[in-house]
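> just need the structure, nothing else, for what follows:
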Amino acid sequence: MNAAVHDTADFETRNPARPDEVVARYRADTAASIDACVDRARAAQPGWAGTPQPARVNALARWLEAIEQQIDTVAQAITREQGKPLAESRAETAKALREARAMLAFAQGHGGDTLAASRAGYQNLTLRRPRGVVLAIAPWNFPVLTPMRKLVPALVTGNAVVLKPSEATPMAAVVLADLAQGILPHGVLQLVHGAGDVAAAVCSHAGIAAISFTGSVATGRKVAQAAGTALVPVSLELGGKNAAWIDEVADLEPCLDAIHGAAFQCAGQRCTAISRVLAPRHRLDAVVQGLARRAGGLRMGAGDDPATTLGPITTADQWNKVDRLVRAAVAGGAQLVCGGATATVDACPGGRFYAPTILVCDDPANPAVQQEIFGPVLVVQPYADTDEALALLNGVAYGLTSSLFSDRFATVMRYLAQAQTGMLHVNHGTAPDDQMPFVGVKDSGLGTGSVGRSTLDFFTTEHAAYLAA
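Numbering: from 1, shown residues only. Presented below is the predicted three-dimensional model:
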């Protein structure tokens, strides 16, 4: 597995809390090394596919055990490059392991079916086969959880995988690959390193049989175009502009607690982060004040500081984007309640911190309402009635996840029927369960989602078999 970290290399990663601190240096892959990587995967894949599925499950289970034994090492790798608090990094790794084990359980019941035949003496079967070599492209915000959502279902169904982690946070992927050595057959898990040009080169490689991508909508469109040209199946997990709709509730405080947690974990750098709050006009002040009070209790700092509850923004480009969009929102008429600027932390000179921000906006076209900010920013949108709340919830291009807080059964049922999001949460935040489908609609996703039984279908092809006696 080409997972080495180099002393002298083409690019380096830095700690976003202390940008003067170089974390690691990496060699970017070239056309020749990409060819070699895909060739190794193609050579290894038939033997892995021919391994009985229980043996594949057992090997992957041993790999998961090895990761769990090194959970602190994995968490340190996440925090040093991504910046999130160590507690969040450990929680990310633990969730990745739980999801992976659920996928192994699903895989043991995944396969073909026997269907009724219309002719006497015949049997009709459906079969599922691995696709071959799968390309997995992962983002920088969840350096373990997102890759594992691709690696485990692809591998357990008999594919080989080429993993391209983000060039901002590749260390966790290196650790995962290193831990697989001696457990998984040589060649079935390959890493390639580099920026968008490397991803584009692998996407267009003739040896790739399927592509699973998580990232921005703009990049996802490019991946889909490349996949379409080659007639390669693609699964896209893209962004979100997720709303929490507060309806009639007897106690507002638990709602605000759940919204606060879902909004500011990972400094808001989550596709499932709540970034909009739909508040009844008659409770607008209470909602805004409650959220601002909670935001004021966050402590910015480095991820390795146990007191930190809000880490830095991972990349300089994203840091600048958050600031630019918040300024555009205020210039466009949004009311700034708190935050709204980059921040400094004495113990972290030059750190890329952004103050937790609450906005109020009555304009559904405002950038804070329509664009994915991907930072510690919440915009509160007042509404008059249920019809307006649903229109606001659905009035964005994204459709990943949402939450409704309500004591009214009729409102819950209407939300479940009409909210245009792939995941719907009632009376809690947007944390998905470990075995439930992770799926978006509209601009938030294309193809089968990650996690859940249907994920295994994406990594396999279906065949109809007719047997005559």
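> residues making contact with the helix-or-strand element of the chain with minimal mean pLDDT?
Scoring the helices and strands of the chain by mean pLDDT, DSSP states H and E places strand 114-115 at the bottom, with a mean of 85. Counting contacts by CB atoms under 8 Å, 6 or more residues apart in numbering, the residues outside strand 114-115 that touch it are 123-126. In this view, the C-beta of every residue, glycine as well, is placed from N, C-alpha and C.
> next one: stretch 334-347
17, 288, 292, 295-296, 300-302, 305, 319, 323, 326-327, 330, 351-361, 363, 366, 368, 376-377, 379.
> quick one: end-to-end distance for that stretch.
For stretch 334-347, the first-to-last residue distance is 32 Å (CA to CA, to the nearest Å).
> can you check stretch 44-54 too?
18 Å.
> tell me the buried residues in it?
Neighbour counts using 16 or more other CB atoms under 10 Å place 44-45, 48-49, 51 of stretch 44-54 among the buried residues.
> looking at those residues, which is nearest Ala105?
Thr51 (18.4 Å; CB to CB).
> ok, that closest one touching Asn159?
No - Thr51 lies out of contact with Asn159 (CB atoms under 8 Å); the separation is 11.9 Å.
> mean confidence score for whichever strand or helix holds Gln76?
Per DSSP states H and E, Gln76 falls inside helix 71-82. For helix 71-82, mean pLDDT is 98.
> give the buried residues for the helix or strand following that helix.
Once the chain leaves helix 71-82, the next helix or strand it forms, by DSSP H and E, is helix 86-107. Of all the residues in helix 86-107, those buried under the rule 16+ other CB under 10 Å are 86, 88-90, 92-97, 99-104, 106-107.
> which elements pack onto helix 86-107?
helix 53-69, helix 71-82, helix 145-156, helix 453-458 (3 or more CB pairs under 8 Å, 6 or more residues apart in numbering; DSSP states H and E).
> reformat those helices into a markdown table and put distance to Val426 next to each item.
Shown next, in a markdown table, are those (distance: least, CB to CB, whole Å):
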| stretch | distance to Val426 |
| --- | --- |
| helix 53-69 | 31 |
| helix 71-82 | 31 |
| helix 145-156 | 24 |
| helix 453-458 | 22 |
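> so which of the ones you listed gets nearest Arg27?
Of all the helices and strands packed on helix 86-107, helix 71-82 comes closest under CB to CB, at 16.4 Å.
> buried subset of the contacts of stretch 334-347, written for ChimeraX?
To isolate the buried subset of the contacts of stretch 334-347 in ChimeraX, counting by 16+ other CB under 10 Å, use the following:
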select :17,288,292,295,300,301,302,305,319,323,326,330,351,352,353,354,355,356,357,358,359,360,361,366,368,376,377,379
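> now, the contacts of stretch 334-347 that are in strands?
351-354, 357-360, 377, 379 (DSSP state E).
> what is the nearest of the residues you listed to Val57?
Arg352 (41.3 Å).
> residues in contact with the closest one?
16-17, 19, 83, 312-316, 319, 342.
> Phe106 too?
By CB under 8 Å, 6+ apart, the neighbours of Phe106 are 435, 452-453, 455-456.
> next one: Pro143
77-78, 81-82, 165-166, 169-173.
> and what about it, helix, strand or coil?
Assigned with DSSP: H, G, I helix; E, B strand; the rest coil, Pro143 falls in the coil class.
> pLDDT and distance to Val426 added to the ones in strands among the contacts of stretch 334-347, as JSON lines?
Putting the ones in strands among the contacts of stretch 334-347 into JSON lines (pLDDT from 0 to 100; distance: CB to CB, whole Å) gives the following:
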{"residue": "Gly351", "pLDDT": "98", "distance to Val426": "38"}
{"residue": "Arg352", "pLDDT": "98", "distance to Val426": "35"}
{"residue": "Phe353", "pLDDT": "98", "distance to Val426": "34"}
{"residue": "Tyr354", "pLDDT": "98", "distance to Val426": "31"}
{"residue": "Thr357", "pLDDT": "98", "distance to Val426": "27"}
{"residue": "Ile358", "pLDDT": "98", "distance to Val426": "24"}
{"residue": "Leu359", "pLDDT": "98", "distance to Val426": "25"}
{"residue": "Val360", "pLDDT": "98", "distance to Val426": "25"}
{"residue": "Val377", "pLDDT": "98", "distance to Val426": "25"}
{"residue": "Val379", "pLDDT": "98", "distance to Val426": "22"}
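> now, the most widely separated pair of these?
Gly351 and Val360 (28.1 Å).
> returning to that earlier point: can I get the helix holding Gln76 in PDB, CA atoms only?
Written as PDB, here are the backbone C-alpha positions of helix 71-82 (Å, rounded to 0.1, in the frame of the first residue of the first chain):
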ATOM      1  CA  ILE A  71      -8.300   4.700  18.400                       C
ATOM      2  CA  ASP A  72      -6.200   7.300  20.100                       C
ATOM      3  CA  THR A  73      -3.600   7.300  17.300                       C
ATOM      4  CA  VAL A  74      -6.300   7.700  14.800                       C
ATOM      5  CA  ALA A  75      -8.000  10.500  16.700                       C
ATOM      6  CA  GLN A  76      -4.600  12.300  17.100                       C
ATOM      7  CA  ALA A  77      -4.200  12.100  13.300                       C
ATOM      8  CA  ILE A  78      -7.600  13.600  12.700                       C
ATOM      9  CA  THR A  79      -7.100  16.500  15.200                       C
ATOM     10  CA  ARG A  80      -3.600  17.400  14.100                       C
ATOM     11  CA  GLU A  81      -4.700  18.000  10.500                       C
ATOM     12  CA  GLN A  82      -8.400  18.700  10.700                       C
END
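> the residue sitting furthest away from the middle of the chain in helix, strand or coil?
The C-alpha centroid of the chain is most remote from Ala120, which lies 49.2 Å away (CA atoms, centre = their mean). In three-state terms, and counting by three-state DSSP, Ala120 is coil.
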